[in-house]
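Asks: Give me the fold of what follows.
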Amino acid sequence: QVQLVESGGGLVQAGGSLRISCAASGRTFSSYGMGWFRQAPGKERDCVAAISWGGANTYYADSVKGRFTISRDNAKNTLYLQMNSLKPEDTAVYYCAASIYGLRYIRSAYDYWGQGTQVTVSS
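Replies: Have a look, this model is predicted:
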């Protein structure tokens, strides 16, 4: 089992940048594929980025491709999401999640979830 805690969310103006983090504890962090999901009010929780166990492979949703970068530091048991050129439509609660199946972008493939961190982009 792994415990996940997100941090770094906040309020940022459109066009700005923000980096959110996810600290993992428990079982070996490098054993899990990791993902960032987001959920806006009234919408589904969707994957915006995912990364494989060692970090060599990544996935991005089309809506964030070229603006967001997912990375991980297995020595620090931490997952990151660097968000650039933020838009008001990026406003959501962002969740990190861990999957024993490696890199996945389907919500049902993830077994462990953090509590979420709010990202608000003002226009």
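Asks: Let me see the ranges of the strands in this protein.
Replies: 2-7, 10-13, 18-26, 33-39, 46-51, 58-60, 68-73, 78-83, 92-99, 112-113, 117-122 (DSSP state E).
Asks: Which one, of these, ends up nearest to residue 105?
Replies: strand 46-51 (4.2 Å; CB to CB). C-betas here are computed from N, CA, C, even on glycine.
Asks: before we move on, the earlier item: in a markdown table, list the strands of the chain along with mean pLDDT.
Replies: Below are the strands of the chain laid out as a markdown table (pLDDT from 0 to 100):
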| stretch | mean pLDDT |
| --- | --- |
| strand 2-7 | 96 |
| strand 10-13 | 98 |
| strand 18-26 | 95 |
| strand 33-39 | 98 |
| strand 46-51 | 97 |
| strand 58-60 | 97 |
| strand 68-73 | 98 |
| strand 78-83 | 98 |
| strand 92-99 | 97 |
| strand 112-113 | 96 |
| strand 117-122 | 98 |
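Asks: Which one, of those, ends up nearest to residue 106?
Replies: Per CB to CB, nearest to residue 106 of the strands of the chain: strand 46-51, 7.3 Å.
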